[in-house]
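Student: Quick one, fold the following:
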Amino acid sequence: MKRLMVLIIVISALVHTGFSQEKTQFTLQECIKFAIQKNPTLKNAWFNMKMAENSKLTGLSGWMPVLNGQAYASKSESGPSSYLSGEYVGEDNPLTNVIRKSNNFGYSFSLNWNLLDAGITYYTFKKSRSNYATQNYNYQNQLQQTILSIIERYYDLVKQQKVTEVRKRAVERSEEQARRAETMYQLGATAKVDMFRAKVNLGNDKMAYLQQKNSLENSKHQLNLVMGRDPLSEITISDELSPELSIGELSRLKEELKGSNPALLNLQYALTSSNYDKKISFGNMLPSMGFFARWSRNVPEYDAMFKDFDREYSHSYGISLNFNVFNGFRDHVNHQNAKIAEKMASENLRQQKQQLLSQLKFYYNQFNTYKEIRETNLLNIQAAEEEYKLANERFKIGSGTSLELRDAQVKLSEAEQLLIESDYQLVLTKNQIQALLGRLKQ
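Tutor: The predicted structure follows:
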């Protein structure tokens, strides 16, 4: 029995540990999915979009009749009076010296239907659709920016991991050189200064390696932050910097941007909404026509409310024409402000389009620049590797100096880091262009 209890406790502990253990291994898509679920700005943009979607239904309400119902019950009592028709008649007058009680029960229905309103209902309906499109593209824009920030931090971590490997190899090379320099000094094959120079180089590489490990940890913290996780949480990724070297023609990208950038489409629909506001404000200055109808019953007893419907009722219906003669210039001011708001929306759209096209051209030029840099770096690495091998062999046989070997080692490390940086910039710039075009996906 005791063994069974111990076994149950152990199994429960293992199950609890398995379920409570936080995920630490992430792919890029998993990072993006996690961030989308946690990002508060993106959540609020989604809520605003859903509210605008719900408001589309209210845009139809202007074409529909408004039906209201009312039910009421009251009891009243009037005490004795000394007045009759406004004249004093004394306290003993039989006509006034009585207590009057009455009950009142009733219900009514009223119908109001807007027939003509100078297009206000139509433009309100169209504006509700335009507002939804505005909020939808605002959400899409926030989504693109969120995904882009994850991609930037994710590949920055990949870059930092690669640079850390380069720094580690530099330390290993320096350790080998320091051991060789000390051995050669003991054999009398080199000067003492070469041994100490090798040790100094090893110390410098170790310090650079330690600093790079701090940069690696900071990159993990930054990725955790944009994902909405605890910055100190453990996170590991396994990916490569494999840039795509094709981006397309700039003219085609410009045309695509004009029709697909979420921020630009957001402002285009905002301009459309402003135009509808202007038309609505003008319609408020014109007459409107509507239909109305009312039916009601009023009886002194509750039991009589739902019988003898051909008695104790009243009804009315008709057409109403409303025309605002003067309201202190309020409608005029509202119309003028609506026209100004439309001009402001147009200027915002024009400015945003210019800024986005400028960003696209900058990213396009930067992509091509880093593409050429990468090609040069690939050749530099091949040359630096050969130079390091030759310098190392010359140093082994005593025909080369430690300074030549150190210079070749530094050039090789710098070439490796420059290739990593150019690959990172190519990946980042390509995704920045994709975000401008609204292409980034969850």
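
Student: Need the three-state assignment for the residue lying farthest from the centre of the chain.
Tutor: The C-alpha centroid of the chain is most remote from Asp92, which lies 82.3 Å away (Cα atoms, centre = their mean). Three-state assignment for Asp92 (DSSP: H, G, I helix; E, B strand; the rest coil): coil.

Student: worst-scoring helix or strand of the protein, pLDDT-wise?
Tutor: Using mean pLDDT, DSSP states H and E, helix 2-20 stands out as the lowest-scoring helix or strand of the chain, at a mean of 49.

Student: That helix: what's the following helix or strand?
Tutor: Where DSSP states H and E defines the elements, the next helix or strand beyond helix 2-20 is helix 28-38.

Student: Now Leu428: closest residue in space, sequence neighbours ignored.
Tutor: Glu152 (5.9 Å; Cβ to Cβ, 6 or more residues apart in numbering). (Glycine included, C-beta is placed from N, CA and C.)

Student: And that neighbour, which helix or strand is it part of?
Tutor: With DSSP H and E as the test, Glu152 turns up in helix 120-186.

Student: That helix vs helix 28-38, what angle?
Tutor: Inter-element angle recorded for helix 120-186 and helix 28-38: 130 degrees (by axes from the mean of the first three to the mean of the last three Cα atoms, to 10 degrees).

Student: Count the residues that sit near the residue nearest to Leu428.
Tutor: Neighbourhood size, Glu152 [other Cβ atoms under 10 Å]: 18.

Student: shouldn't it be in contact with Thr429?
Tutor: No. The pair Glu152 / Thr429 is not scored as a contact, 10.6 Å apart, by Cβ atoms under 8 Å.

Student: can you pull the contacts of the one residue sitting closest to the centre of the chain?
Tutor: The residue lying closest to the centre of the chain (Cα atoms, centre = their mean) is Gln142, at 2.7 Å. Taking Cβ atoms under 8 Å, 6 or more residues apart in numbering, we find Gln142 in contact with Thr41, Leu42, Ala45.

Student: Parallel or antiparallel, which strands does the strand or helix carrying Ala293 pair with?
Tutor: Using DSSP H and E, Ala293 maps to strand 288-299. Strands that pair with strand 288-299, judged by DSSP bridges, come out as strand 100-116 (antiparallel), strand 313-322 (antiparallel).

Student: Most tightly packed of these?
Tutor: strand 100-116 (a mean of 14; mean count of other Cβ atoms under 10 Å).

Student: Tell me how far it lies from the chain's centre.
Tutor: Taking the mean of its C-alpha atoms, strand 100-116 sits 50 Å from the chain's own mean (Cα atoms, centre = their mean, to the nearest Å).

Student: Output it as PDB, nothing but the C-alphas.
Tutor: The C-alpha atoms that make up strand 100-116 are tabulated as PDB, following Å, rounded to 0.1, in the frame of the first residue of the first chain:
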ATOM      1  CA  ARG A 100     -63.000  62.100  -6.200                       C
ATOM      2  CA  LYS A 101     -61.100  58.900  -7.000                       C
ATOM      3  CA  SER A 102     -60.300  57.500 -10.400                       C
ATOM      4  CA  ASN A 103     -58.200  54.700 -12.000                       C
ATOM      5  CA  ASN A 104     -56.600  54.900 -15.400                       C
ATOM      6  CA  PHE A 105     -55.200  51.900 -17.400                       C
ATOM      7  CA  GLY A 106     -54.000  52.100 -21.000                       C
ATOM      8  CA  TYR A 107     -51.400  51.300 -23.600                       C
ATOM      9  CA  SER A 108     -50.300  52.700 -26.900                       C
ATOM     10  CA  PHE A 109     -48.200  52.000 -30.000                       C
ATOM     11  CA  SER A 110     -46.500  54.600 -32.100                       C
ATOM     12  CA  LEU A 111     -44.700  54.300 -35.500                       C
ATOM     13  CA  ASN A 112     -42.300  56.700 -37.100                       C
ATOM     14  CA  TRP A 113     -40.800  56.200 -40.500                       C
ATOM     15  CA  ASN A 114     -38.200  58.400 -42.200                       C
ATOM     16  CA  LEU A 115     -39.200  58.800 -45.800                       C
ATOM     17  CA  LEU A 116     -36.900  61.600 -47.200                       C
END
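
Student: just to revisit the earlier point, check the offset of the strand holding Ala293 from the chain's centre.
Tutor: With Cα atoms, centre = their mean, you get 49 Å for strand 288-299.

Student: Lys361 reaches Ser251, doesn't it?
Tutor: No. Using Cβ under 8 Å, Lys361 is not in contact with Ser251; the gap is 10.9 Å.

Student: just how off-centre is the helix or strand that the helix holding Glu152 is followed by within its chain?
Tutor: Downstream of helix 120-186, the next assigned helix or strand under DSSP H and E is helix 192-227. Helix 192-227 has its C-alpha centroid displaced from the chain centroid by 36 Å (Cα atoms, centre = their mean).

Student: Equivalent analysis for stretch 219-229, please.
Tutor: Using Cα atoms, centre = their mean, the offset of stretch 219-229 from its chain centre is 17 Å.

Student: Pull the residues that contact that stretch.
Tutor: Contacts for stretch 219-229 (Cβ under 8 Å, 6+ apart): 31, 34-35, 37-39, 149-150, 153-154, 156-157, 159-160, 230-233, 235.

Student: Show me which of these are buried.
Tutor: 31, 34-35, 39, 149-150, 153-154, 156-157, 159-160, 235 (16 or more other Cβ atoms under 10 Å).

Student: ok, so of those residues, who is nearest Thr134?
Tutor: In terms of Cβ to Cβ, no member of the buried ones among the contacts of stretch 219-229 lies closer to Thr134 than Asn39, at 20.2 Å.

Student: can I see the domain layout of this structure?
Tutor: Under the assignment automatic domain parsing, the domains of the chain span 23-64+117-287+330-436, 68-116+290-322.

Student: got those as a markdown table, with mean pLDDT columns?
Tutor: As requested, those are arranged in a markdown table below (pLDDT from 0 to 100):
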| stretch | mean pLDDT |
| --- | --- |
| domain 23-64+117-287+330-436 | 92 |
| domain 68-116+290-322 | 86 |
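
Student: Point out the most buried one among these.
Tutor: domain 23-64+117-287+330-436 (a mean of 17).

Student: Now find how far off-centre that one is within its chain.
Tutor: Relative to the chain's own centre, domain 23-64+117-287+330-436 is displaced by 16 Å; criterion: Cα atoms, centre = their mean.

Student: ends of that domain, how far apart?
Tutor: End-to-end span of domain 23-64+117-287+330-436 (Cα to Cα, to the nearest Å): 32 Å.

Student: got it, and stretch 229-245?
Tutor: 33 Å.

Student: coming back round to it: what's the closest non-adjacent residue to the residue nearest to the centre of the chain?
Tutor: Closest to Gln142 by Cβ to Cβ, 6+ apart is Ala45, at 4.3 Å.
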